[in-house]
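Novice: Here's my sequence, what's the structure:
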Amino acid sequence: TLQKLSGTLLQDSASVTPESALDYGGMWLCGELWREVGLDRVLTEATDRETAERCFALVANRVLAPRSKLATHRWLERVARPDGDSWELEYAQLLRGMDALAKVQPQVEEAVYWQLMNLLRCDPTLVFVDLTTIYAEGEGVEPIWQYGHSKDGKSQNQQLLLALVVTPDGYPLAHFLFAGNRAAKVAMVEMLQQLRHRFGLKRCVVVGDRGLISAAVLQALDQAGYDHILALRARQSKTAAAALEQEDTSGWTEVQEHLWVQEVAVPDAPRVVLAFNPQKQLEDKRWRERKLEQGWAAMDSLLDRWEQGRITSDQVAIRDATRALVQMEAHRFFHVQVRGGTLSIQENQEHLEREARLDGVFILQSSAQELDPQAIVTAYQQLLWVERAFRTVKSFLRVRPVYHFTERRIRAHSFLCVLGYLMENHLRQR
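Specialist: Residues are numbered from 1 along each chain as shown. Sure thing, here's the model as predicted:
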């Protein structure tokens with residue numbers, strides 16, 4: 001103290017050589033979030049303190065700097081624990097932590113569900129569901145890895161199907177993994193059954209996007225006692241076509257800026273609500289005009305080749321025209337035929353008129369009798385939460401690609417990513 005008061009230099013800074021420095025702030029924040037949502041207690045009770053610590057390290061890595069498990073082990077050498085100490089975890093210990101989690105994953109997920117219900121007061125009366133694909137690198141040997149329609153544009157890779165159930169606030173209530181060749185509608189039925197039996201969710205309104213509606217799905221919803229709000233495929237659904245025929249031009253009600261709604265009666269169908277967005281109408285019209293322009297450019301080039309004799313057969317002309325139009329998503333707008341040695345290309349006026357009628361319109365089917373049309377549309381608009389969840393899990397938390405090949409580690413990896421999303425969303429909601 002006397003040296004400080006007298007101005008005497010206690011230590012020359014030039015003579016101080018730092019031995020190491022560990023990043024701390026991000027880990028401290030993750031530790032606080034981990035405790036706030038109760039994951040430390042849930043995992044410790046389901047496994048043990050060591051396994052809970054290993055799982056925390058893996059989840060924190062997903063949130064802060066997602067990478068492979070081997071790279072995570074190296075990353076832990078550069079960051080501090082939430083208490084400020086250094087990590088002393090080996091790579092094999094991280095993998096054993098995943099294996100231990102896989103053994104109790106259903107129990108842990110159900111405990112996390114009730115934690116969200118009781119601690120965070122999440123409201124399960126309105127839930128949002130959607131499915132996406134997760135691709136693998138390499139050749140998976142487990143049955144869950146299958147080839148199927150990829151939403152990532154990775155049809156050459158094996159994949160699995162990931163389903164998420166989230167609340168209006170974005171909290172993930174549950175997740176499910178299915179084989180990569182499972183149809184989304186079939187997976188949806190299984191998911192609804194598990195929601196009822198595993199989580200005891202007795203009554204709610206399930207909100208889903210296009211492609212999830214089928215007779216089996218509607219039956220499963222009814223058997224579970226759930227109401228639904230599902231989008232209809234306007235170009236394929238008979239109910240949607242009938243709803244458009246019932247549209248009353250004077251029956252629209254403006255419920256918010258750029259959004260008009262009306263409910264229409266369709267025979268032998270539950271409630272059907274039409275929604276119209278003038279801005280989206282303009283976007284759809286411009287997109288179609290752009291596709292027509294691109295299509296005609298390609299077809300003019302094809303006609304020149306035909307007239308010059310560079311196309312040798314009718315089949316080649318039809319093949320080349322179809323391939324070009326499909327590639328630019330304009331095949332619905334053209335008629336191409338060869339008759340009497342003449343290649344004829346025309347716009348499909350009937351289809352163009354039908355498409356123009358759909359500009360800016362989306363059609364919803366619902367069994368929720370207590371909701372008015374505006375509430376039904378508003379609930380559907382909130383489906384963006386599950387879409388944001390998928391973007392976070394797939395991009396920010398990097399659930400894909402998956403390099404694990406045993407099913408227990410695949411499931412553990414996906415669960416860790418969902419827990420990471422839970423923490424990220426909790427931070428966003430604070």
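
Novice: Can you name the next helix or strand after the helix or strand encompassing residue 31?
Specialist: With secondary structure defined by DSSP states H and E, residue 31 is part of helix 25-36. Scanning the chain past helix 25-36 towards its C-terminal end, the next helix or strand to appear is helix 39-46 (assignment: DSSP H and E).

Novice: Pull out the buried positions in the following helix or strand past that next one.
Specialist: Going down the chain from helix 39-46, the next helix or strand is helix 49-64, by DSSP H and E. Within helix 49-64, the residues that qualify as buried by neighbour count (16 or more other Cβ atoms under 10 Å) are 51-64. Any C-beta I mention is one placed from the backbone N, CA and C, and that applies to glycine too.

Novice: starting at the chain centroid, how far to the helix or strand that comes right after helix 49-64?
Specialist: Elements were assigned by DSSP H and E; along the chain past helix 49-64, the next helix or strand is helix 69-76. Averaging C-alpha positions (Cα atoms, centre = their mean, to the nearest Å) puts helix 69-76 27 Å from its chain's average.

Novice: average model confidence for helix 69-76?
Specialist: Taken as a whole, helix 69-76 carries a mean pLDDT of 88.

Novice: tilt between the helix or strand just after it and helix 39-46?
Specialist: Read in the C-terminal direction, the helix or strand following helix 69-76 is helix 91-103, with elements assigned using DSSP H and E. Interaxial angle of helix 91-103 relative to helix 39-46 (axes from the mean of the first three to the mean of the last three Cα atoms, to 10 degrees): 80 degrees.

Novice: quick one, helix 91-103 and helix 69-76 angle?
Specialist: With the same axes, to 10 degrees as the basis, helix 91-103 and helix 69-76 are set at 120 degrees to each other.

Novice: buried stuff in helix 91-103?
Specialist: Under the neighbour-count criterion of 16+ other Cβ under 10 Å, helix 91-103 has 94-95, 97-98, 100-102 buried.

Novice: For residue 301, state which of the residues you listed is nearest.
Specialist: Closest approach to residue 301 among the buried residues of helix 91-103 (Cβ to Cβ): residue 98, at 54.8 Å.

Novice: What is the helix holding residue 31 packed up against?
Specialist: Contact partners of helix 25-36 among helices and strands, from 3 or more Cβ pairs under 8 Å, 6 or more residues apart in numbering; DSSP states H and E: helix 49-64, helix 407-429.

Novice: for residue 154, what are its contacts?
Specialist: Shown here is residue 154, whose contacts under the criterion Cβ atoms under 8 Å, 6 or more residues apart in numbering are 133, 135.

Novice: again with residue 419
Specialist: By Cβ under 8 Å, 6+ apart, the residues touching residue 419 are 39, 55, 59, 62, 112.

Novice: What is the nearest of the buried residues of helix 91-103 to residue 427?
Specialist: Proximity of the buried residues of helix 91-103 to residue 427 was ranked by Cβ to Cβ; the top entry is residue 101 with 22.2 Å.

Novice: before we move on, back to that, dump the contacts of residue 419 into TSV; add distance to residue 71 and pLDDT as well.
Specialist: Supplementary listing: the contacts of residue 419 in TSV, determined by distance: Cβ to Cβ, whole Å; pLDDT from 0 to 100:
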residue	distance to residue 71	pLDDT
39	23	92
55	17	94
59	15	93
62	12	88
112	26	88
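
Novice: Mind picking the two most distant members of those?
Specialist: Taking every pair in those and measuring Cβ to Cβ, the maximum separation is 15.5 Å, between 62 and 112.

Novice: Show me which residues of the host helix or strand of residue 195 are buried.
Specialist: With the criterion set as DSSP H and E, the secondary-structure element containing residue 195 is helix 184-199. With burial defined by 16+ other Cβ under 10 Å, the residues of helix 184-199 counted as buried are 184-185, 187-189, 191-192, 194-196, 199.

Novice: These into JSON lines, with extra columns for distance to residue 219 and pLDDT?
Specialist: Formatted as JSON lines, the buried residues of helix 184-199 follow (distance: Cβ to Cβ, whole Å; pLDDT from 0 to 100):
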{"residue": "184", "distance to residue 219": "16", "pLDDT": "82"}
{"residue": "185", "distance to residue 219": "11", "pLDDT": "84"}
{"residue": "187", "distance to residue 219": "15", "pLDDT": "86"}
{"residue": "188", "distance to residue 219": "11", "pLDDT": "86"}
{"residue": "189", "distance to residue 219": "8", "pLDDT": "86"}
{"residue": "191", "distance to residue 219": "14", "pLDDT": "86"}
{"residue": "192", "distance to residue 219": "10", "pLDDT": "85"}
{"residue": "194", "distance to residue 219": "16", "pLDDT": "84"}
{"residue": "195", "distance to residue 219": "15", "pLDDT": "83"}
{"residue": "196", "distance to residue 219": "13", "pLDDT": "81"}
{"residue": "199", "distance to residue 219": "20", "pLDDT": "81"}
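
Novice: thinking residue 407 is in contact with residue 160, fair?
Specialist: No. Distance between residue 407 and residue 160: 9.4 Å, which falls outside the contact criterion (Cβ atoms under 8 Å).

Novice: residue ranges for the strands of the stretch 151-300 of the chain, please.
Specialist: Shown for the stretch 151-300 of the chain, the strands assigned by DSSP state E, counting those that start in this stretch span residues 159-166, 172-179, 205-208, 227-231, 253-256, 259-264, 271-276.

Novice: Take these and write them to TSV, including mean pLDDT.
Specialist: As requested, the strands of the stretch 151-300 of the chain are arranged in TSV below (pLDDT from 0 to 100):
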stretch	mean pLDDT
strand 159-166	84
strand 172-179	87
strand 205-208	87
strand 227-231	90
strand 253-256	90
strand 259-264	93
strand 271-276	93
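
Novice: can you redo those as JSON lines with mean neighbour count and distance to residue 237?
Specialist: Written out in JSON lines, the entries for the strands of the stretch 151-300 of the chain read as follows (neighbours: other Cβ atoms under 10 Å; distance: least, Cβ to Cβ, whole Å):
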{"stretch": "strand 159-166", "mean neighbour count": "25", "distance to residue 237": "22"}
{"stretch": "strand 172-179", "mean neighbour count": "20", "distance to residue 237": "24"}
{"stretch": "strand 205-208", "mean neighbour count": "25", "distance to residue 237": "14"}
{"stretch": "strand 227-231", "mean neighbour count": "23", "distance to residue 237": "10"}
{"stretch": "strand 253-256", "mean neighbour count": "12", "distance to residue 237": "23"}
{"stretch": "strand 259-264", "mean neighbour count": "19", "distance to residue 237": "14"}
{"stretch": "strand 271-276", "mean neighbour count": "22", "distance to residue 237": "10"}
